[in-house]
Each structure stands twice: as C-alpha cells, then as structure tokens.
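K.L.:
output the structure for:
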Amino acid sequence: MSNLEKLDFNSELLKPMKEQLEIIINRLMNVCMSTNKEAEIALKINLDACKKGEYDKGKLIKEWTEPKLEYQISEKIKEVKNTNKGLLGIDYELKVNKEDNNVYVQKINEQMSMLED
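P.N.:
From the prediction side, this is the model:
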C-alpha cells in the first residue's frame, strides 16, 4: 500500500491534465493582461471505472479496477476557442480507503514489481 497516491491534482494520474490546465491558465492570463480581453476555461471530466485482469494460459491470475478519466479543457477569448483532450487511468488501480473514504490510485506495473519481490 506504500505506492498508493490520494487521487487529487498532485497525483501522478492527474499530472498531465493539471500541467495542461496550468499552461492554459498562464497563457490566458498573459493574453488578458496584454489585450485587456476576458478569457474563459471550461474543464469537463468524464469518470468511469472498469474491471481489468491479467491472464496466464487462459486463467485469471490478477484482477483490479482501473480508473478511466477522460478530460477536455476548452478555452475561449471572445470568438477564439481551443480544446485540449486526453484519456487518463490506463495501467492504474483504483482503491478507496474505508477509514477516510478517500480515493487512491496506484500504477499497475509498480504493484507487479512489488508482488514479484
């Protein structure tokens, strides 16, 4: 359980989306300052979780729940609009801590190496 990360904007799973959002915020703030125009950012996230498994000779040897987070960041300066999309969650396992009800994620390959040791 030591490799588990709380699912938040600082987790590795959400890092690509967070980095894109930070880039867009900084760029648009610069545009707002230099052009005296107002900008808008819309973040849309679709969440899902699905069962995954690893098989050896047709036999299920490991099963986990994989998170699927599909995101879209739209930006608008008056009539100008750009969109950035991505899919996150592949090769991660999703867990909920029953004590604090927080969601945690862990890379599958880190888990496998931990089990192999």
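K.L.:
how about the strands of the protein, start to end?
P.N.:
5-6, 39-56, 59-77, 80-88, 92-96, 103-107 (DSSP state E).
K.L.:
where among the ones you listed is average confidence lowest?
P.N.:
Lowest mean pLDDT of the strands of the chain: strand 80-88, a mean of 84.
K.L.:
what packs against that one?
P.N.:
Counting contacts by 3 or more CB pairs under 8 Å, 6 or more residues apart in numbering; DSSP states H and E, strand 80-88 packs against helix 15-35, strand 59-77. For every residue, glycine as well, the C-beta is placed using N, CA and C.
K.L.:
what sits up against that strand?
P.N.:
With CB atoms under 8 Å, 6 or more residues apart in numbering as the contact definition, strand 80-88 has outside contacts at 13-14, 16-17, 20, 24, 67-75.
K.L.:
out of those, who's nearest residue 4?
P.N.:
Proximity of the contacts of strand 80-88 to residue 4, judged by CB to CB, is greatest for residue 13, which lies at 11.3 Å.
K.L.:
hang on, the closest one packs against residue 71?
P.N.:
No. The pair residue 13 / residue 71 is not scored as a contact, 11.2 Å apart, by CB atoms under 8 Å.
K.L.:
compare these two (neighbour count), which wins?
P.N.:
Set residue 13 next to residue 71 and count neighbours by other CB atoms under 10 Å: residue 13 wins out with 22 against 19.
K.L.:
who's in contact with that one?
P.N.:
5, 7, 67, 69, 88-89, 92, 105.
K.L.:
which residue, neighbours along the chain excluded, lies closest to the residue most central in space within the chain?
P.N.:
Central residue of the chain (CA atoms, centre = their mean): residue 14, 3.2 Å from the mean position. Nearest residue to residue 14 in three dimensions, chain neighbours excluded: residue 88, at 6.7 Å (CB to CB, 6 or more residues apart in numbering).
K.L.:
rewinding a little: got the strands of the chain as a markdown table, with distance to residue 31 columns?
P.N.:
Shown next, in a markdown table, are those (distance: least, CB to CB, whole Å):
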| stretch | distance to residue 31 |
| --- | --- |
| strand 5-6 | 33 |
| strand 39-56 | 6 |
| strand 59-77 | 6 |
| strand 80-88 | 9 |
| strand 92-96 | 34 |
| strand 103-107 | 34 |
